[in-house]
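Participant: model this:
(one chain, ligands or ions: 1)
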Amino acid sequence: MSIFANNFPVGAWQRNFTPFEEDAAQRSWLMPYLFVRGKNPGPKITCIAAIHGDELNGVRMLHELAAFLENHSADINGSLCFVPVANLMGYANHSRYLPDRRDLNRMSTGLKDGSEGARLAHFLWQNFIAEADSIVDVHSGSYNRWNFPHLRGNMKDDTMRAWAKHLENQVVLTSAGVAGSLRKEAGKIGKRVFLFEAGETGRFEKNILQMGFIALLRLLVSLEAVNPQLLADCLLTQNHPPKTNKHPTGYYRKAIWQRATHAGLFIPEVEPGDAVVAGQRLGFITDLFGERRAEILSEQTGFVLGMHLHPQVVPGRALFHIAYEFKEL
Ligand SMILES: [Zn+2]
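Facilitator: Predicted coordinates:
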């Protein structure tokens, strides 16, 4: 049954578990969720984290967002549902994947009597996604990669473009997602889906969590789920405001991965969040004597969205994710 069909009292935050199947010791898996019905009418929004079980920044961001909003329940419109750990099995194993080695974010909309992963995808879909108007899905850079906090959504969609005009100081990359991903499948049936990327797996960084918190709050304001004054107050009262990202309103139409051309040790000279120009040196690769083997020159004028962190690289390893073709809205 959809979580939005519950008769929870207005303004009272729910912190509950809902059971899903069992592990090999016949213990029920328990899916945690936080839910609040606002005082005022408004959209139904589900925010999901850790659909990749080792991407934990979103878990903490949703916790902090709930703790903050709990003190401002009168400013919430519609219904908010947070699912902090969508991939319970991956989370338990410190793994991106499910125990059957599949990717939960390639299995939407799931299958009731399908494989382990298909059943979990079906459970998520039926309980939290099907009835929501908008979905927010929080990720982190995987496999030694670090992502500058940014949103991904399908800007080919007119509603999305109109919506994005109101979103200030946020880096947006247009992208429709791959088959079976939450973003693609929910987008197909007309839901607005926002993928939010921030930081890396297995590590909490204060600045990233703060930037993520503000970005998610900004998104909820933009979706008219939270009164705008709350964001303004929040920005004013933060003792240590996060690095401000004075990004113009608009979105990047394309992004490429620049890859290692040689094996060796990777020395970056820019970082995620930097603007770069075509031809600019982004970093270099040294050999085992410390001699420079290759330089990585930016193929585009754009913005560094993501970067490989581990120094050891081999040919083909994705080093820099560069967003380009900026379009103002
Ligand atoms: Zn992910």
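
Participant: going forward, measure contacts between C-alpha atoms and count neighbours the same way
Facilitator: Noted.

Participant: can you list the residues of this protein near the ion?
Facilitator: Near the ion, the residues belonging to the chain are 52, 139 when assessed by CA under 5 Å from the ion.

Participant: Pass me the low-pLDDT residue ranges in the protein, would you?
Facilitator: Across the chain, the ranges flagged by pLDDT under 70 are 239-245.

Participant: tell me the contacts of the residue of the stretch 201-329 of the chain found nearest the ion?
Facilitator: The nearest approach of the stretch 201-329 of the chain to the ion comes at residue 201, 9.1 Å away (CA to the ion). For residue 201, the contacting residues are 54-57, 140-144, by CA atoms under 8 Å, 6 or more residues apart in numbering.

Participant: Make TSV from those residues and add neighbour count and secondary structure to it.
Facilitator: Output for the contacts of residue 201, formatted as TSV (neighbours: other CA atoms under 10 Å; DSSP: H, G, I helix; E, B strand; the rest coil):
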residue	neighbour count	secondary structure
54	24	coil
55	29	coil
56	26	coil
57	26	helix
140	26	strand
141	19	strand
142	17	coil
143	12	coil
144	14	coil
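
Participant: Out of the residues you listed, the closest to residue 85 would be?
Facilitator: Lowest distance from residue 85 to the contacts of residue 201 (CA to CA) belongs to residue 56, with 8.6 Å.

Participant: my read: the closest one touches residue 202, true?
Facilitator: Yes. Contact criterion CA atoms under 8 Å: residue 56 and residue 202 qualify, at 6.6 Å.

Participant: Could you measure from residue 283 over to residue 75?
Facilitator: 46 Å (CA to CA, to the nearest Å).

Participant: cool, and residue 111?
Facilitator: Taken as CA to CA, the span from residue 111 to residue 75 is 37 Å.

Participant: before we move on, what about residue 234?
Facilitator: For residue 234 relative to residue 75 (CA to CA), the value is 13 Å.

Participant: Who has more neighbours out of these two?
Facilitator: A direct count of neighbours by other CA atoms under 10 Å for residue 234 and residue 75 places residue 75 higher, at 18 against 14.

Participant: I'd assumed residue 227 was in contact with the more buried one.
Facilitator: Yes. Counting by CA under 8 Å, residue 75 does reach residue 227; the two are 5.3 Å apart.

Participant: tell me the contacts of residue 46?
Facilitator: So residue 46 contacts 80-83, 128-129, 132, 134-136 (CA under 8 Å, 6+ apart).
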